[in-house]
Every structure is written in structure tokens, then in C-alpha cells.
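K.L.:
return atomic coordinates for the entry below.
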Amino acid sequence: MVQVVTDLEQKIGSFCSQYALSPQQTRIFTAMMHGALSNDSLCRELRMRPGTLCKHLRLIARKTMTISRTELLYLFYEGQRGR
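P.N.:
Reported below is the predicted structural model:
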């Protein structure tokens, strides 16, 4: 089986490595980048409890020094912090 890695997947991988996201945080971030933006959709897609998701989202925010998902998306696509 041949695996095709898209530019988006490569960028996600680089971003997650740059900010030292854990494997679980990387799964959450990847799902967000593929359109699962609400907590409900993330919990459903990743089969995760809301409390666990919120814990990981706080850790992602801390590691990336962002305060919102909007700022996180901006950091990912623009490579700059909005602070």
C-alpha cells in the first residue's frame, strides 16, 4: 500500500513537532485542521470524553502560547503569534 502525504499533513507534522505536542495532542490538532472544530465533533471523532479533550486543548494552548482556537489556526497558517 502506498501512503501519500499531503502538504497539509507535512505542515501539521512539522507544527506538532515544533511545539512538542504529544501523540494525543497531535491527534486532536490534526482533527481540528481537518474541520472538526467544535468540542462535540472532536469528542465524537476521537472517541474522547469532554473533560479529557479540554485538558489536552489547554495543554496545546499552553505549548503554542495561544489563547483561542482562532489564534491557534492563525499561528498554524501564518506562522506568527497574534500577541
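K.L.:
quick one: low-confidence residue ranges for the chain.
P.N.:
1-5, 80-83 (pLDDT under 70).
K.L.:
so which bits of the longest helix belonging to it are buried?
P.N.:
Counting residues, the longest helix found in the chain (DSSP state H) is helix 50-64. Under the neighbour-count criterion of 16 or more other Cβ atoms under 10 Å, helix 50-64 has 53, 56, 57, 60, 64 buried. Just so you know, the C-beta spots here come from the backbone N, C-alpha and C atoms, and that holds for glycine as well.
K.L.:
dump the residue contacts of the residue nearest to the fourth one when sequence neighbours are not counted.
P.N.:
Counting by Cβ to Cβ, 6 or more residues apart in numbering, residue 25 is the residue found nearest to residue 60 once chain neighbours are left out, at 5.2 Å. Contacts for residue 25 were tallied using Cβ atoms under 8 Å, 6 or more residues apart in numbering; they are 16, 56, 59, 60, 63.
K.L.:
now do the SS call for the residue lying closest to the third one once chain neighbours are set aside.
P.N.:
Among residues not flanking residue 59 along the chain, residue 25 sits closest, at 6.1 Å (Cβ to Cβ, 6+ apart). With DSSP: H, G, I helix; E, B strand; the rest coil as the basis, residue 25 sits in helix.
K.L.:
tell me what angle the helix or strand containing residue 70 forms with helix 50-64.
P.N.:
If you go by DSSP states H and E, residue 70 is part of helix 69-78. Going by axes from the mean of the first three to the mean of the last three Cα atoms, to 10 degrees, helix 69-78 is angled at 50 degrees with respect to helix 50-64.
K.L.:
show me what helix 69-78 is packed up against.
P.N.:
With contacts defined as 3 or more Cβ pairs under 8 Å, 6 or more residues apart in numbering; DSSP states H and E, the secondary structure elements packing on helix 69-78 are helix 7-18, helix 23-33, helix 50-64.
K.L.:
CSV for those, including distance to residue 43?
P.N.:
Shown next, in CSV, are those (distance: least, Cβ to Cβ, whole Å):
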stretch, distance to residue 43
helix 7-18, 20
helix 23-33, 10
helix 50-64, 6
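K.L.:
relative to residue 75, which of those is closest?
P.N.:
Proximity to residue 75 (Cβ to Cβ) singles out helix 50-64 among the helices and strands packed on helix 69-78, at 5.9 Å.
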